[in-house]
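# Give me the fold of what follows.
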Amino acid sequence: MSTTKKESRLARLGAVALIIALYVGLFNLSGGQQANLLLGTASPVFLPAFVRLFGVLVAGIWAIPALFIAALLCVDFGLGPSERALVSLMLATGAPLAIMVTSRLMQLDPTLTNLTPMRLLVLSIASGLGNSLFYNFALFLVGIHTDPITGHVATFVGDVIGTWVIIYTIKLGWHFFWRQRT
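Coordinates of the predicted model:
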């Protein structure tokens, strides 16, 4: 095996581990399962939504297995193993597929050189929509019935707000530490 292939595999494995760790950490930071159970099935500020967007932009399709593992570690709702796997699979695929399709439609450069704040906003909205559709459909399939409108709106809004809370926190941190060093 060539050194480049080995380095590439290590980089992918590192990206997968980082995505899982970020997702689980932000899930716990945003109240974990208790926040979802108290508010129905969606959190009003779902911080791990950022990880879906970040993961797909950085790792591409390799983000999906990482998001699946992270969702398996976080999703419960008292579900059995097969129902939990289904919900986790839908959580791992809805947003990434929406991000990939939107990226292609926007002709986003794979190196992200043409990623602007407006494109980031569009991608976060697409991510929220994709996740809302897939997640609420998965909940329906496993027998967790919520009001369709409220469920979709709560999931979408929580995802978009959660994504932007993290983006803005990174921006503030970057600005604060960058000014301190110059």
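
# need the contact list for residue 126.
Shown in contact with residue 126 (Cβ atoms under 8 Å, 6 or more residues apart in numbering): 98-99, 101-102. Heads up, the C-betas are built off the backbone N, CA and C, glycines and all.

# and the host helix or strand of it, what's its mean pLDDT?
Per DSSP states H and E, residue 126 falls inside helix 117-141. Averaged over helix 117-141, pLDDT sits at 95.

# That helix: which residues count as buried?
For helix 117-141, the neighbour count (16 or more other Cβ atoms under 10 Å) marks 119-120, 122-136, 138-139 as buried.

# Check stretch 87-107 too.
By 16+ other Cβ under 10 Å, the buried positions in stretch 87-107 come out as 87-100, 102-103, 106.

# Show the contacting residues for the spatially most central residue of the chain.
Residue closest to the average C-alpha location in the chain (Cα atoms, centre = their mean): residue 52, at 2.3 Å. By Cβ under 8 Å, 6+ apart, residue 52 lies in contact with 63, 67, 95-96, 99, 127, 131, 159.

# Which secondary structure elements does the next helix or strand after the helix holding residue 126 sit against?
For helix 117-141, the following helix or strand on the C-terminal side (DSSP H and E) is helix 148-181. Using 3 or more Cβ pairs under 8 Å, 6 or more residues apart in numbering; DSSP states H and E, the elements in contact with helix 148-181 are helix 49-59, helix 117-141.

# what angle sits between the shortest one and helix 117-141?
Angle of helix 49-59 versus helix 117-141, following axes from the mean of the first three to the mean of the last three Cα atoms, to 10 degrees, is 120 degrees.

# could you dump helix 49-59 to CSV, C-alpha only?
Provided in CSV are the C-alpha atoms of helix 49-59 (Å, rounded to 0.1, in the frame of the first residue of the first chain):
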residue,chain,number,x,y,z
ALA,A,49,-26.8,20.2,13.1
PHE,A,50,-23.6,22.2,12.5
VAL,A,51,-21.6,19.0,12.5
ARG,A,52,-23.7,17.7,9.6
LEU,A,53,-22.9,20.7,7.5
PHE,A,54,-19.2,20.8,8.6
GLY,A,55,-18.8,17.1,8.1
VAL,A,56,-20.2,17.0,4.6
LEU,A,57,-18.2,20.1,3.5
VAL,A,58,-14.9,18.7,5.0
ALA,A,59,-15.3,14.9,4.5
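
# That one: which residues count as buried?
Quick answer for helix 49-59 (16+ other Cβ under 10 Å): 49-57, 59.

# can you give me how far that helix is from the chain middle?
6 Å (Cα atoms, centre = their mean, to the nearest Å).

# what angle do it and helix 148-181 make?
Computed by the same axes, to 10 degrees, the angle separating helix 49-59 from helix 148-181 equals 70 degrees.

# lowest average confidence, helix or strand, in the chain?
helix 32-38 (a mean of 53; mean pLDDT, DSSP states H and E).

# Fine, thanks again, bye for now.
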